[in-house]
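S.K.: Predicted coordinates and the sequence they were generated for:
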Amino acid sequence: MTPLQKFFLNATIAILTVTGAVFAWMKYFMKSDDPFAVANHPWQPGMLHVHVVAAPLAVFVIGAVWAGHVKPKHDAGVKARRKTGLGALWMIAPMALSGYLMQVFTNERLVEAMRITHWVSSALFVAGLVVHQLLRKNGNGATKVAPASEERDVW
Ligand code: HEM
Ligand code: HEM
């Protein structure tokens with residue numbers, strides 16, 4: 001993974017986390033004085049707009065990190081940081097799919113199920129990614145560390 005990929009990964013995920021969390025706080029914990037208001041705070045729609053624009057950028061960056069980092073490390077059987085890496089990895093599909101299916105489904109119960117899936121999977125993904133990066137270089141008690149040749153950088 002190149003420093004640029006690492007930067008874009010962390011930047012897009014940070015934007016998604018902040019906008020998602022602030023949006024949810026405004027939607028569920030704030031109350032507007034206006035009984036006819038569709039948003040509880042004037043910034044609420046803006047938060048969701050930034051979130052929805054940043055989301056495909058994050059998916060694109062994850063694709064690049066997949067090719068240059070995740071697949072080579074996974075296929076080489078690298079043990080270091082594997083648990084947190086796999087934890088984050090398994091959350092990517094539910095996180096991205098539930099975000100979009102929330103907008104696609106019309107059945108209220110399915111929308112609710114996607115919303116809960118999105119909250120849980122995105123929180124676990126962010127937690128996994130943070131711990132993954134904070135671990136020591138040979139985290140998870142690993143003995144095998146990837147040689148530089150296992151990485152294929154696309155940027
Ligand atoms: C089987 C799964 C994975 C394994 C075994 C793994 C392994 C590692 C290892 C050993 C490192 C330490 C630095 C290095 O050797 O390059 C690392 C760093 C990192 N990993 Fe993973 N990883 C996995 C999945 C993921 C996933 C799914 C993501 C995010 C989408 C990710 C993002 C990162 C980032 C951002 C760093 C920090 C890079 C740096 O500081 O230069 N990894 N990973
Ligand atoms: C690839 C990553 C992601 C994608 C594709 C994505 C996509 C989306 C989309 C399209 C929506 C709008 C749904 C609507 O119209 O109501 C949404 C809402 C939301 N997202 Fe994400 N998102 C991602 C990551 C995250 C992250 C990392 C977090 C926070 C840790 C997060 C938290 C939220 C929250 C709280 C909502 C509002 C849900 C609600 O209305 O209760 N998302 N996301």
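M.R.: Now that the structure is in, tell me what you want to look at. Ligands and ions are numbered 1, 2, ... in the order given.

S.K.: Residue numbers of the protein in contact with ligand 2?
M.R.: 13, 16-17, 20-21, 23-24, 27, 51-52, 55, 58-59, 95-96, 99-100, 102-103, 115, 118-119, 122-123, 126 (C-beta under 6 Å from any ligand atom). For glycine as for every other residue, the C-beta is placed from the backbone atoms N, C-alpha and C.

S.K.: and the particular helix or strand that has A93 in it, does that touch ligand 1?
M.R.: Secondary structure from DSSP states H and E places A93 in helix 82-104. Yes - against ligand 1, helix 82-104 shows contacts by C-beta under 6 Å from any ligand atom at R82, G85, L86, A88, L89.

S.K.: Now which of those would you call buried?
M.R.: Buried members of the residues of helix 82-104 next to ligand 1, scored by 16 or more other C-beta atoms under 10 Å, are R82, G85, A88, L89.

S.K.: quick one on the thing from earlier: please convert the buried members of the residues of the chain next to ligand 2 into PyMOL selection syntax.
M.R.: In PyMOL syntax, the buried subset of the residues of the chain next to ligand 2 is picked out as below (16+ other C-beta under 10 Å):
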select buried, resi 13+16+17+20+23+24+51+55+58+95+96+99+102+115+118+122+126
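
S.K.: quick revisit: now what about the helix holding A93, what contacts it?
M.R.: 55, 59, 62, 70, 73-74, 110-111, 114-115, 117-118, 121-122, 124-125, 128-129, 131-132, 135, 139-140, 142 (C-beta atoms under 8 Å, 6 or more residues apart in numbering).

S.K.: Next secondary structure element downstream of it?
M.R.: helix 108-134.

S.K.: Am I right that H69 is in contact with M1?
M.R.: Yes - between H69 and M1 there is a contact under C-beta atoms under 8 Å: 4.2 Å.

S.K.: Perfect, I'm done here.
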